[in-house]
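Undergrad: got a sequence here, can you build the structure:
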Amino acid sequence: MAIKRTKITDVLSDSTLIGTTVCVKGWVRTRRGNKNVQFVALNDGSTIKNLQIVFDLGKFTDEQLKPITTGSSLCVVGSLVESQGKGQTCEVQAEELTIYGTADPETYPLQKKGHTLEFLREKAHLRPRTNTFGAVLRIRHTLAFAIHKFFNDRGFFYLNTPLITASDCEGAGAMFQVTTLDLNNLPRTEDGKVDYTQDFFGKQTSLTVSGQLEGELGATALGAIYTFGPTFRAENSNTPRHLSEFWMVEPEVAFNDITDNMDLAEDFIKFCVKYALENAKDDIEFLNQMYDKSLIERLNFVINNDFVRLPYTEGIKILEASGKKFEFPVSWGVDLQSEHERYLVEEHFKKPVILTDYPKEIKAFYMKLNDDGKTVRAMDVLFPTIGEIIGGSEREESYDKLLARINELNIPMKDMWWYLDTRRFGTVPHSGFGLGFERLVLFVTGMTNIRDVIPFPRTPNNAEF
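TA: Now for the predicted structure:
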C-alpha cells in the first residue's frame with residue numbers, strides 16, 4: 001500500500017516520526033554531493049525550512065538522479081533519521097524516487113543565487129517558490145486568519161459587500177467602470193452623453209473603492225460587522241505604497257463613538273501583530289535576518305506601547321515647532337504626508353499615534369462634525385515606517401447634517417437615498433474604520449514595496465499574470 005504524504009513542516013516538527021518511513025513531495029532548492037552520496041534540499045511550501053534528502057549512490061544511478069535540478073519536483077519515500085550534519089535536525093535516507101517534473105537549468109529563472117525583488121516581480125508566476133515570497137505569503141495567510149479570529153471571537157458578523165456599485169464611497173472619483181457596452185459603438189442620449197440605460201445594470205456602475213457604506217447598513221441591523229474583501233482604486237499612483245487592487249478590512253459598530261473606535265483599532269492591530277509573531281515565527285525570523293534586522297523589535301514596539309491619541313491641531317503644532325525641513329510644508333488644513341506621520345511616530349513620540357479631529361475639508365462626507373464646525377471625528381492610526389495604516393471615524397448619524405454635507409459637496413442624491421434612509425429610520429451613533437490589508441502585511445513582513453506582499457500586483461500599466 002502506498003505511503004501517505006507527510007508535509008515537510010510536520011516531518012521537521014514531529015520527533016515521533018524519527019525512525020519511520022515517510023513519503024515527502026516538493027520542489028528541489030539545491031543539489032550537491034560527490035560520487036558516493038548526493039544531498040538534495042527539498043521544500044514543499046509548508047515551511048521556510050528545507051528537508052535534506054540523502055541519495056546513496058549505491059542505491060541510485062547517475063542516470064536516475066541526473067534530472068534532479070533546481071526547480072524540479074520529486075516524490076521521495078525513505079527512512080527519517082536524525083541528521084549528522086549541521087543546520088537540520090533530521091533527514092530522509094531515500095529508498096524510492098519519483099520525478100514528477102523537470103526544470104531545465106538553462107531556462108528556469110530561479111537558480112541558486114540572489115535575485116532582486118524587481119526581477120522577481122517580472123516572474124510573479126514563479127516567485128512564490130522563493131524563500132522570501134513563500135515567507136511573505138504564509139505570513140499573509142496567518143494575518144488573514146488572525147483578522148477573522150479577532151472579529152469572530154468578539155461577536156462580529158462577516159458581511160459580504162458588493163464589488164460592483166453605483167456609489168463612490170470616498171467621493172474621489174477614482175473608480176474603474178464596469179460595462180458591457182460596445183466601446184467602439186457607444187449608445188448616446190439626445191444630448192450626446194453615453195446612454196447607460198442600455199448598459200447591463202441600466203445605470204453607470206464601477207468597481208467598489210470601499211464596502212463601508214453597505215457595512216453601515218449591516219451594522220445598523222446586526223450591531224457589529226466587518227468586511228474583508230478586494231477593493232479597487234483607479235489612481236495613477238506609481239508608489240511603493242499604492243495598488244490598484246487591494247484588500248480592505250472594514251469593521252462597523254452600532255452605538256460606538258470615536259473613543260470606542262480608537263480602542264477597537266488599537267486592540268485589533270495589536271492582536272494581529274501578536275498573532276503573527278506567535279504563529280509565523282520562522283518566517284518572520286527569516287525576514288528579520290535577510291531583509292530588516294529591526295523587524296521583530298519594531299513588531300514588539302507596537303504590541304508593548306500604548307498608542308498616543310493626539311488631535312490633528314496639536315500634531316500640526318508639533319510639526320511646525322520641530323525645526324525639521326519637510327518636503328511638503330505643514331500648516332493647519334493640509335492633509336498630512338507620510339513624512340509628517342512618521343516624524344510624529346518615530347522621532348517625536350517614539351510610539352504609534354492615533355491622530356484625531358481632522359479638518360472637515362480633507363475628510364469624507366460621512367464623518368461626524370465636531371461642535372467647532374471645522375473638524376470631524378476622524379481617526380488615523382500611524383505606524384513606524386508605514387505612516388497611516390488605519391483610517392476611520394465616527395459617522396454622522398444626523399439626517400439633516402448628513403444631507404447638508406452631501407449637498408455641500410454636490411454628491412448625486414440619486415445614488416445616496418438608501419444611505420440616508422438609515423438616518424431616517426432608527427438612527428444611532430456608529431463608528432468604523434478601514435485597514436488596507438497589504439499595509440498590514442507590509443508592516444509585519446518588513447518589505448518595503450507593497451507590490452511584494454500581494455501575489456499578483458495590479459498597478460498602472462501592469463495587469464500581468
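Undergrad: switch to C-alpha atoms for all contacts and neighbour counts from now on
TA: OK.
Undergrad: all helices for the chain, in order.
TA: For the chain, the helices defined by DSSP state H cover 8-13, 62-65, 117-121, 131-153, 212-222, 258-279, 281-290, 295-304, 312-321, 338-342, 399-408, 417-424, 437-445.
Undergrad: so for Asn43, which of those helices sits nearest?
TA: Of all the helices of the chain, helix 8-13 sits nearest to Asn43, with 7.2 Å by Cα to Cα.
Undergrad: can I get the helices of the chain in JSON lines with mean neighbour count and mean pLDDT?
TA: Listed next are the helices of the chain as JSON lines, based on neighbours: other Cα atoms under 10 Å; pLDDT from 0 to 100:
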{"stretch": "helix 8-13", "mean neighbour count": "17", "mean pLDDT": "96"}
{"stretch": "helix 62-65", "mean neighbour count": "11", "mean pLDDT": "93"}
{"stretch": "helix 117-121", "mean neighbour count": "15", "mean pLDDT": "92"}
{"stretch": "helix 131-153", "mean neighbour count": "19", "mean pLDDT": "98"}
{"stretch": "helix 212-222", "mean neighbour count": "20", "mean pLDDT": "96"}
{"stretch": "helix 258-279", "mean neighbour count": "19", "mean pLDDT": "98"}
{"stretch": "helix 281-290", "mean neighbour count": "18", "mean pLDDT": "97"}
{"stretch": "helix 295-304", "mean neighbour count": "16", "mean pLDDT": "95"}
{"stretch": "helix 312-321", "mean neighbour count": "16", "mean pLDDT": "97"}
{"stretch": "helix 338-342", "mean neighbour count": "19", "mean pLDDT": "94"}
{"stretch": "helix 399-408", "mean neighbour count": "15", "mean pLDDT": "92"}
{"stretch": "helix 417-424", "mean neighbour count": "15", "mean pLDDT": "92"}
{"stretch": "helix 437-445", "mean neighbour count": "24", "mean pLDDT": "97"}
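Undergrad: now tabulate those helices in TSV and tack on distance to Gly19.
TA: Output for the helices of the chain, formatted as TSV (distance: least, Cα to Cα, whole Å):
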stretch	distance to Gly19
helix 8-13	11
helix 62-65	25
helix 117-121	39
helix 131-153	28
helix 212-222	54
helix 258-279	28
helix 281-290	25
helix 295-304	36
helix 312-321	63
helix 338-342	54
helix 399-408	70
helix 417-424	65
helix 437-445	36
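Undergrad: with respect to Glu82, which of those helices lies nearest?
TA: helix 8-13 (10.5 Å).
Undergrad: what's in contact with the closest one?
TA: Outside of helix 8-13, the residues within contact range by Cα atoms under 8 Å, 6 or more residues apart in numbering are Leu17, Val24, Asn43, Asp44, Ser46, Thr47, Lys49, Asn50, Leu51, Thr89, Cys90.
Undergrad: among the helices of the chain, which is nearest Ile389?
TA: helix 437-445 (6.1 Å).
Undergrad: before we move on, back to that, so which of the helices of the chain is nearest Phe328?
TA: helix 338-342 (8.3 Å).
Undergrad: ok, and what's touching the closest one?
TA: Under Cα under 8 Å, 6+ apart, the answer for helix 338-342 is Leu319, Phe326, Leu382, Phe383, Pro384, Thr385, Ile386, Gly387, Glu388.
Undergrad: output that helix as PDB, restricted to C-alpha atoms.
TA: In PDB, the C-alpha atoms belonging to helix 338-342 read as follows (Å, rounded to 0.1, in the frame of the first residue of the first chain):
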ATOM      1  CA  SER A 338       3.800  60.000   5.200                       C
ATOM      2  CA  GLU A 339       6.900  62.000   6.200                       C
ATOM      3  CA  HIS A 340       4.800  64.000   8.700                       C
ATOM      4  CA  GLU A 341       3.100  61.000  10.100                       C
ATOM      5  CA  ARG A 342       6.400  59.100  10.500                       C
END
